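**Q** Generate coordinates for the sequence data below:
(chains A and B)
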There are 2 protein chains.
Amino acid sequence: MKPSEQKKYSDIYAKERKKINSRLESAFSKREPRSLYKPSSYIICGAGKRIRPLLVLLTAKSVGGKFDVAYNAAVAVELLHNFTLVHDDIMDNADKRRGRLTLHKKYNESTAILVGDSLLSVAYEFLLKDCNGNSKNILISFTNGLVEVCEGQGLDTEYERRKNVSLDEYLLMIKMKTASMIKMCCRIGSTLGGGSKEEIKGITSYGLNLGIAFQIQDDLLDITADEEKFGKRIGGDLLEGKKTYLLIKALEKAKGEDRNALLKVIDKKGIKINQVNKYKTLYEKLNVIDDAKNLINYYTKRALKSLYVIKNENDRKILIWLADILLKRNN
Amino acid sequence: MKPSEQKKYSDIYAKERKKINSRLESAFSKREPRSLYKPSSYIICGAGKRIRPLLVLLTAKSVGGKFDVAYNAAVAVELLHNFTLVHDDIMDNADKRRGRLTLHKKYNESTAILVGDSLLSVAYEFLLKDCNGNSKNILISFTNGLVEVCEGQGLDTEYERRKNVSLDEYLLMIKMKTASMIKMCCRIGSTLGGGSKEEIKGITSYGLNLGIAFQIQDDLLDITADEEKFGKRIGGDLLEGKKTYLLIKALEKAKGEDRNALLKVIDKKGIKINQVNKYKTLYEKLNVIDDAKNLINYYTKRALKSLYVIKNENDRKILIWLADILLKRNN
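**A** Residues are numbered from 1 along each chain as shown, chains lettered A, B, ... in the order given. Take a look at the predicted model:
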C-alpha cells in the first residue's frame, strides 16, 4: 500500500476516533445520578483505540451507507466492550487498565458491578436509536455478540481451572470471547449500511477471522513486544499461568524435560519473574512463536479474502489497512 | 370479590406459574458451557413468585392477546429480574435469598458477576423471539426498564451514604428501582397483546402505581410481618440502617428525643437486635405505620383506577385480584 494511501486512511481513523470520543464523552456528562454516571465517564474516557466503533463505521460505508447511519451503533459497541472490560477486571482482580486504575480499584467493586451493568443498558439505548428499518436484525446481532462474550468468558474461567486445554478448545474460546465482538461490529455496520446478504456475510467473515488473528497476536505480543512500547510487563501471561496459544501449542509439541517445564506453568499457576526469559527461549526452541505468526497470517488471509464482496476499492482498502495496523501493533 | 372468583384467578396463577417455571428450567438445562449455565439454573430455579412474568401474560390477555404471544417475553422479564437479584446480592453482601445460599456464596463473586451478565444476555435473546411486529417498541420498553433499574440502584447506594434523604427522593428511587420493572412488564405485555395507545397507557400506569405500592409494602412488612410467615427476621432494615419509607417519614415527623433516636439509626448505620421493639413502638407512636398503609392505599387506588381501559371484566378483575394478593402478602 502506498504511503499516501496509508496517510489518508490514518487520517480518517484519527478524525472518526475523535468524533467517537466526543460522543462517548457526552453520553454521560449530564446524566443523573452522578454517583453512577461519573464513574461511567471515567472508564469510557480512557485512551481506548476505538477499533470496534471504527469497524461499525467503516463496514457501514463499505456497503454504500454513510458514517452518519452508524454513529449511535458505534457508540453502543464501544459501551458494550467497556462493560466487558469493567466486569473482567473485577474477575481478574486487575489493578490497571490503559495506564489508569481499574474502576473497582478507583471506586469499589459494588460500583464497578453496577457501572458495568449500566454501560450495557446505555449501549442498548444507543443501539435502539439507530436501527429504524432493521431493528430486529441489529438487536439480534448485538445480543448474540453479548451472549457469546459471556459464554467465552465462562469458557476462559473454566480453562483456568482445568489442567488440559486443547488447541481446538482454545480457538473456540477466543472465537467467542474476542472474535465474536469484532464479528458483531462488522455485521451491525454492514446491516446498517444497507448491505446485501452476500455483502453482510463476507464482511462478517472478515470480522470473525480478524478477531481470531487479533487475539492470537495479543497472546504473541505478551512475549515478543518491546516492553516500553507495550506499556506493560513482558511475560504477564506466563506470570499468571494463562493458557495462551503459545503455551498450549508448546505443550502439544514439547517432550521430556521441556514438557515438564511447561506443565509447571500450569501446575504452579504461573512462574516467577526471573523465569520469563527461560520460557521465552523455550518457546523459540519449540518454534511456537513462528507457529503463532503463521496462524495469525492464516486467519488474516481468510479475513482479507472475504472482503471481495466490497465493490468500492477505497472502502475495501481501508479495511485491509486496518487489519494491517492491528496485526502490526505493539500494544 | 367472590371466593369462587378468587379461586378461579388463583388457579390461573398456579397454572401459568408452573408453565413459566418449566420454561425457565429448560432455558439453561442443556446449554453450554455448563460452568456458566449450571449456576444460572441454580438461581433461576429458586422459589420465585413469578409475579413479573405473570403480569406480562395477564396484561397481554387484557387487551385481547393470547398468553401464547407473550411467554418468551415473560421468561425474559424474569431473567432480567434475576439478573438484578444476583448483582444486588453481591453489592449487599447478602448470604441468603429465598431460603437458599446466594449465588456468590454458593459459588464465588466472579461466577456471580458473569452469571448475572449472562442472565441479562439470555433475557434479550428470549425477548427477541417474541416481538415480531413490535420489536423496536418492546426492546425500548425493556431497555428503559433496565436503565431505570440501574439508575435506581445507583440512587439507593447514594442514599446509603447520605445523611438526609427526603420522601420525594425516596419515592423517586423506588419508582426507578422497583416500580419501573413492574411498569415495564405491563407495558410489554399490553404491547405484545396488541393494545391500543390508550390501553397500553392505562395498563402501564397500573404497573407503575402497583410497583410503588409494592415497595412501600415491602418496607412495611419488615416491621409488621409475622416472623414465621415472613421467613426472615423482623426489623432487618433497621438492623442495617436502611432508609425505608418508615424511617424517612418518622424522621420527618419526630422531634426532640424521638428524632435523636431515629438519627442514631442513620449515624450508627443500624441498630442492635435488642432495640428493634423500641423502634417499632416509636414508629407506632409517630403513626408512620398508618401513614405507610395510607400511602399504599393511595397508590393501589391509582393503580386500580387505571384499569378502566380494560373492556373484558374477567381480564380486569384478575389484575385487581393480583394487586390485592400482592398487597396482602406476608413475604
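**Q** got the contact list for residue A:273?
**A** By CB atoms under 8 Å, 6 or more residues apart in numbering or on different chains, residue A:273 lies in contact with A:235, A:239. For the C-beta atoms, the positions are set from N, CA and C on the backbone; glycine is no exception.
**Q** who in chain A is up against chain B?
**A** By the rule CB under 8 Å from any CB of the partner chain, the part of chain A lying against chain B is A:32-33, A:35-36, A:83, A:87, A:90-91, A:109-111, A:113-114, A:116-118, A:120-122, A:124-125, A:128, A:131-132, A:135-136, A:139-140, A:143-144, A:146-147, A:149-151, A:153-155, A:157-158.
**Q** In helices only, show me those.
**A** Using DSSP state H, the subset of the residues of chain A next to chain B located in helices is A:35-36, A:83, A:87, A:90-91, A:109-111, A:113-114, A:116-118, A:120-122, A:124-125, A:128, A:135-136, A:139-140, A:143-144, A:146-147, A:149-151, A:153-155, A:157-158.
**Q** Which pLDDT value goes with the closest residue in space to residue A:141 that isn't next to it in sequence?
**A** Nearest non-adjacent residue to residue A:141, counting by CB to CB, 6 or more residues apart in numbering or on different chains: residue A:187, 4.7 Å away. Per-residue pLDDT puts residue A:187 at 98.
**Q** element containing residue A:187, please.
**A** Element membership of residue A:187 [criterion: DSSP states H and E] is helix A:180-192.
**Q** so how far is that helix from its chain's centroid?
**A** Averaging C-alpha positions (CA atoms, centre = their mean, to the nearest Å) puts helix A:180-192 13 Å from its chain's average.
**Q** Equivalent analysis for stretch A:70-89, please.
**A** On CA atoms, centre = their mean, the centre of stretch A:70-89 falls 11 Å from the chain's centre.
**Q** count of neighbours near residue A:294?
**A** Neighbourhood size, residue A:294 [other CB atoms under 10 Å in any protein chain shown]: 12.
**Q** for the record, mean pLDDT for the host helix or strand of it?
**A** Using DSSP H and E, residue A:294 falls within helix A:288-306. For helix A:288-306, mean pLDDT rounds to 97.
**Q** and that helix with helix A:180-192, angle?
**A** Comparing the axes of helix A:288-306 and helix A:180-192 via axes from the mean of the first three to the mean of the last three CA atoms, to 10 degrees yields an angle of 10 degrees.
**Q** What's the first helix or strand after helix A:288-306?
**A** Next element after helix A:288-306 (DSSP H and E): helix A:313-327.
**Q** Correct me if wrong: residue A:5 contacts residue A:324.
**A** No: using CB atoms under 8 Å, residue A:5 is not in contact with residue A:324; the gap is 11.1 Å.
**Q** and residue A:231, what pLDDT?
**A** 63.
**Q** typed the wrong thing, it's residue A:134
**A** Note on residue A:134: pLDDT of 77.
**Q** Measure how buried it is and give me the count.
**A** Residue A:134 has 17 nearby residues by other CB under 10 Å.
**Q** give the contact list for it.
**A** The contact partners of residue A:134, taken as CB under 8 Å, 6+ apart, are A:191, A:192.
**Q** before we move on, back to that, let me know the distance separating the residue nearest to residue A:141 from residue A:320.
**A** With distances taken as CB to CB, to the nearest Å, residue A:187 is found 19 Å from residue A:320.
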